[in-house]
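> just a sequence and a predicted model for now, questions to come.
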Amino acid sequence: CQEMGFFLRHFIESEWEPLHVCSAAAAVVLGLCLEKLQHYQAGVELSLRRSVLLINTLRQIQEDMQSDGMGTCTSEVLLNSSHADSCILRDDVREDMVVTCPGCAEGDGDTLSPPLSPEFPSQEANSSSEQQKSLPAATINAFSDAVNAMGYLSDLALDDIFEDIDTSMYETSDLPSAWAAGSLWPVSSCLMDMNELDHIMEILVNCRGFGVTQAVRSDSG
Amino acid sequence: MDGARMWHVFAGGNDFQWCFSQVKGAIDEDVAEADIISTVEFNYSGELLATGDKGGRVVIFQHEQESKNRPHLRGEYNVYSTFQSHEPEFDYLKSLEIEEKINKIRWLPQQNAAHFLLSTNDKTIKLWKISERDKRAEGYNLKDEDGRLRDPFRITSLRVPVLMPMDLMVEASPRRIFANAHTYHINSISVNSDHETYLSADDLRINLWHLEITDRSFNIVDIKPANMEELTEVITAAECHPHQCNVFVYSSSKGTIRLCDMRAAALCDRHSKFFEEPEDPSSRSFFSEIISSISDVKFSHSGRYMMTRDYLSVKVWDLNMENRPVETYQVHEYLRSKLCSLYENDCIFDKFECCWNGSDSAIMTGSYNNFFRMFDRNTRRDITLEASRESSKPRATLKPRKVSTGGKRKKDEISVDSLDFNKKILHTAWHPKDNVIAVAATNNLYIFQDKIN
């Protein structure tokens, strides 16, 4: 996390040559992306449209940063994305940048995956063994953190909740793999296509209401 | 109204003007979240105008009848019916609130004295019947006027109940509830031209329903990848063709539109047409994809064209030409230099809608600072107007607004930096047969009409 802040600050405060300016803009957008993803993590059901656009933007920045190294990223990209008066030069944003990365909230100062999804293989992290050579490690961590941030429901111990219920008959073909892989989207793979389960849950809750909630709590606790 | 005038919304220089007609909603500076209008829709005749809000309510306005004494009432609407369409719910499985916010309202073509509309929140679509009652039956044999059973010993003769006039009562009753078919957030509903079916679209799927059947729907589009990590695109809007009941379109977050033919296959995973404009490499930026995401798609009444709204522009496509739009109108190009700030404050994700006038000759869409834009397709003229209480004197002419784009700001111009991004016009509607428009500005509904000189 501190590494991440340092990484961003390094880009922002480094010399303002075109190439670096491009990177600074990327860093700002990256920081905001992470901040937004972090914000959504706080229990707000995020819109899939927004999260897809944010993740795609992250991916684009990742690509741009790689090509930046090869000198194909020009200041035009910056000029189109953020004018001279835009936030990249503002101090408050710089301050924000330092605290935006996911993981800070947990106060663990650690950029590894959150505890409950340790084996989570983010697409970025997986597909980027070559990128890891060309990009600072902090960047990779930031991406996987962001992806983890999206999957805040993946750390919900579903198995605990359904300990007493045989859920196998409700599993569709894509569920097991999705669960095993962890979920990129908060309201996605692991809970999708489960209208039937929704329905059963609704019946349970309607019939026994409070009782079920209690049972779930004590099970998972 | 006379058709000729309809064709020339901007024609004749300054002799055509818009004027204020009405404003609905509280004047209070403190706006309750629940009162924010989230959708606006005229019915097919234009006699009724429905709004939905974030509090789950639907308010229906009825056109005030014109009379010889008061001929200027074209744009006057009064409250006809108000009802709670959706309530907040809780998804116990996901531990998430389901908002009561009305995402869309669509009227059904009128077939009898009653009116029907569909309203939807994120998950559940409801069919409502709005009907009038101005008579009640009196003089039942077994019950008295209060509904209590009469003492059988006191019933000595049979009588025929009679209908007595009473004050007009408008009732809204839920007729069908279409639930449990959407895992993601419903963004569109659209009644098909067969008047029997409708489609509902969420982020990843489109379902086709029969209006009478609530326990099943057909999934006609599913773009959910087997592995959600491969997801790069979502459905942002969908609409049925106004005349061909087998054709519908849906737009995506990548700025493309797919036209599908339901005759081709039950599951329309393969589109029939794919509309996409090649990206201009010179305007590429980090925000290219976000701003090209389509927030609304609407067929023209004729069914020949469709219009799409992205963050900065509105485009008109000929259904016979897929490689580029036939017309592109800049809505607020001056914001291109502000994209980073608009990204920072989340405005860049705002979903602006757009609408056609009754004759497809003009289009309207919203912007920030309570500005809205109209484009005349014949003359290519455009105008920026403002929905504000300052100019809300009866029949006051709306002054065109101008935003200064760099250089020196002229008199009467507003600088980009002083635009209020909290005042946004996302939802507008154009009367299907008249130059009367409804514009939702936060919790207020403005109604404007053209001025006859």
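All right, it came through fine.

> please make it C-alpha for all contacts and neighbour counts, starting now.
Will do.

> tell me which element residue B:61 falls in.
strand B:57-63 (DSSP states H and E).

> so what strands line up beside the lengthiest strand in chain B?
For chain B, the strand with the greatest residue count under DSSP state E is strand B:162-178. The strands beside strand B:162-178 in its sheet (DSSP bridges) come out as strand B:125-138 (antiparallel).

> buried sites along the partner strand?
For strand B:125-138, a neighbour-count test (16 or more other Cα atoms under 10 Å in any protein chain shown) marks B:125, B:126, B:127, B:128, B:129, B:130, B:131, B:132 as buried.

> can I get those in CSV including pLDDT?
CSV is the format used below for those (pLDDT from 0 to 100):
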residue, pLDDT
B:125, 98
B:126, 98
B:127, 98
B:128, 98
B:129, 97
B:130, 97
B:131, 96
B:132, 95
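
> just these now: which is nearest chain A?
residue B:125 (15.8 Å; Cα to the nearest Cα).

> touching, that closest one and residue B:119? I think so.
Yes - here residue B:125 reaches residue B:119: they are 5.7 Å apart, a contact under Cα atoms under 8 Å.

> quick check: closest non-adjacent residue to residue B:205.
What sits nearest to residue B:205 in space, not counting adjacent residues and going by Cα to Cα, 6 or more residues apart in numbering or on different chains, is residue B:222, at 4.5 Å.

> typed the wrong thing, it's residue B:207
In space, residue B:207 is closest to residue B:219, 4.4 Å off (Cα to Cα, 6+ apart).

> confirm the one you found sits in a strand?
Yes - assessed with DSSP: H, G, I helix; E, B strand; the rest coil, residue B:219 lies in a strand.

> and it, what is it in contact with?
B:205, B:206, B:207, B:208, B:267 (Cα atoms under 8 Å, 6 or more residues apart in numbering or on different chains).

> which single one of the residues you listed is nearest to chain A?
Using Cα to the nearest Cα, the contacts of residue B:219 come closest to chain A at residue B:205, 11.5 Å.

> quick check: the closest one touching residue B:225?
No - Residue B:205 is beyond contact range of residue B:225, at 11.1 Å (criterion: Cα under 8 Å).

> out of the two, which sits in the more crowded spot?
Neighbours were counted for residue B:205 and for residue B:225 using other Cα atoms under 10 Å in any protein chain shown; residue B:205 has more, 21 against 14.

> distance of that one from residue B:235?
7 Å (Cα to Cα, to the nearest Å).

> next one, pLDDT for residue B:117 please.
Per-residue confidence for residue B:117 comes out at a pLDDT of 97.

> go on, residue A:15?
Residue A:15 is given a pLDDT of 36.

> got it, and residue B:174?
97.

> do the one 3 residues further on as well
Each residue has a pLDDT score; the one for residue B:177 is 97.

> ok, it - contacts?
So residue B:177 contacts B:124, B:125, B:126, B:127, B:214 (Cα under 8 Å, 6+ apart).

> show me what contacts the third one?
Shown in contact with residue B:126 (Cα under 8 Å, 6+ apart): B:85, B:118, B:119, B:120, B:174, B:175, B:176, B:177, B:178.

> which one of these has the most neighbours?
Going by other Cα under 10 Å, residue B:120 tops the contacts of residue B:126 with 28 neighbours.

> quick one: contacts for residue B:186?
B:103, B:120, B:121, B:122, B:123, B:200, B:201, B:202, B:203.

> between those residues, which sits nearest chain A?
Nearest member of the contacts of residue B:186 to chain A, counting by Cα to the nearest Cα, is residue B:203, at 6.7 Å.

> does that closest one touch residue B:187 like I think?
Yes - the criterion here is Cα under 8 Å, and residue B:203 meets it with residue B:187 at 7.2 Å.

> quick check: neighbours shared by the two?
Common neighbours of residue B:203 and residue B:187 (Cα under 8 Å, 6+ apart) are residue B:236.

> quick one: which of the two has more around it?
For residue B:203 versus residue B:187, the count of surrounding residues by other Cα under 10 Å is larger for residue B:203: 25 against 21.
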